[in-house]
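Peer 1: Pasting a predicted model and its sequence here:
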Amino acid sequence: MADKKKKIKKSRPPPSWQKSIDLHGMRVEEALAELDRFLNHCILEQEVHKVEIVHGVGTGRLKKAVQDYLQGLKVISEFHVDPMNPGATWVEL
């Protein structure tokens, strides 16, 4: 008799990290480094298609830096400021 192997499907556990990152209150350089790590992690996790970046309103410097950074990434299909919360930007990967 031939042994029949059963195929066992392993399900992936849900990600233990959030699909958003809070950068407000950080300096631009620090925030962009954190954002880069976060987006790299999201890109590797293929089930993530939309993330939120919370940058706050303040002077607008961090928001502009985040959006300038996003414009240079080819993996970003689109991004827009949340109309209900101008301190956050939504990104589609």
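Peer 2: Great, that's in hand.

Peer 1: longest helix anywhere in this protein?
Peer 2: helix 28-44 (DSSP state H).

Peer 1: Which positions within it qualify as buried?
Peer 2: In terms of neighbour count (16 or more other C-beta atoms under 10 Å), helix 28-44 has its buried residues at V28, A31, L32, L35, F38, L39, C42. For the C-beta atoms, the positions are set from N, CA and C on the backbone; glycine is no exception.

Peer 1: can you give me the mean pLDDT across whichever helix or strand comes after that helix?
Peer 2: On the C-terminal side of helix 28-44, the closest following helix or strand by DSSP states H and E is strand 50-54. In this model, strand 50-54 carries a mean pLDDT of 94.

Peer 1: what inclination does the very next helix or strand once past strand 50-54 have with respect to helix 28-44?
Peer 2: Downstream of strand 50-54, the first helix or strand assigned by DSSP H and E is helix 61-71. Per axes from the mean of the first three to the mean of the last three C-alpha atoms, to 10 degrees, the angle that helix 61-71 makes with helix 28-44 is 40 degrees.

Peer 1: Could you tell me the angle between helix 61-71 and strand 50-54?
Peer 2: Comparing the axes of helix 61-71 and strand 50-54 via the same axes, to 10 degrees yields an angle of 150 degrees.

Peer 1: about what we covered before: counting contacts, what elements does the longest helix of the chain pack onto?
Peer 2: strand 20-22, strand 50-54, helix 61-71 (3 or more C-beta pairs under 8 Å, 6 or more residues apart in numbering; DSSP states H and E).

Peer 1: mind redoing it with 6 Å?
Peer 2: Judged by 3 or more C-beta pairs under 6 Å, 6 or more residues apart in numbering; DSSP states H and E, helix 28-44 is in contact with helix 61-71.

Peer 1: Sweet, I'm off.
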